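*Asks:* mind looking at a prediction? Sequence and model below.
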Amino acid sequence: MFGSSSAIVGGVLFAAGLIVLLIALVVLQRIRMLHSRCTARTRGTVIRFVEHENDWNLTLTPEIRYDADGRERTVLAAATAGLPDMHLDERTDVAYDPTHPDVAYLPADRHIGSMARTLTAAGAVCLVAGAALAAASA
């Protein structure tokens, strides 16, 4: 009905959906790994904001200093576009790996899973759209 170009577009969308879902799986695995390894807790302080800039967006990532194993260390919050949820000198919880204290994350960081959820949704939409287009052209 739609021709071979719809089948090609459907196949490309389907493949893109699979790739994006695989990337989401890797991100989710990294999050799970952090949660399982980082069992020690401490408090940290926002010491500065790291700027990441491109042509259309400015991202400010809070850097948090925390003490673990008798040494000062730092961890970056999840990168977010626009203004961050934290303020300079703000105190926050830090979870870190007691055997490798440089491995850490912020339990209160609401952005840590948002990329995985966004990738999963985008991958699923591409997968379904690609399958529908390919089926419609058959």
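*Replies:* Received the coordinates, thanks. Numbering: from 1, shown residues only.

*Asks:* how about the longest strand along the chain: buried residues?
*Replies:* Longest strand of the chain, by residue count under DSSP state E: strand 40-53. Within strand 40-53, the residues scored as buried using 16 or more other Cβ atoms under 10 Å are G44, T45, V46, F49. C-betas here are computed from N, CA, C, even on glycine.

*Asks:* which helix runs longest in this protein?
*Replies:* helix 4-37 (DSSP state H).

*Asks:* how about that helix: buried residues?
*Replies:* Buried residues in helix 4-37 (16+ other Cβ under 10 Å): 6-7, 9-10, 13-14, 16-17, 20-21, 23-24, 27-28, 34, 37.

*Asks:* looking at the buried residues of strand 40-53, which is nearest R73?
*Replies:* Nearest to R73, judged by Cβ to Cβ, of these is G44 at 8.7 Å.

*Asks:* flag whichever of the buried residues of strand 40-53 scores worst on pLDDT.
*Replies:* The lowest pLDDT within these belongs to F49, which sits at 90.

*Asks:* pretty sure A129 contacts G11?
*Replies:* No: contact between A129 and G11 fails when scored by Cβ atoms under 8 Å: they sit 11.4 Å apart.

*Asks:* show me what contacts the residue lying closest to A24 once chain neighbours are set aside?
*Replies:* Leaving aside its sequence neighbours, A24 sits nearest to L119 (Cβ to Cβ, 6 or more residues apart in numbering; 3.7 Å). Residues in contact with L119 (Cβ atoms under 8 Å, 6 or more residues apart in numbering) are V20, L21, I23, A24, V27.

*Asks:* SS state for the most centrally placed residue in the chain?
*Replies:* Geometric centre of the chain, nearest residue: M115, 3.9 Å, by Cα atoms, centre = their mean. Of the three states, M115 takes helix under DSSP: H, G, I helix; E, B strand; the rest coil.

*Asks:* fine, thanks again, bye for now.
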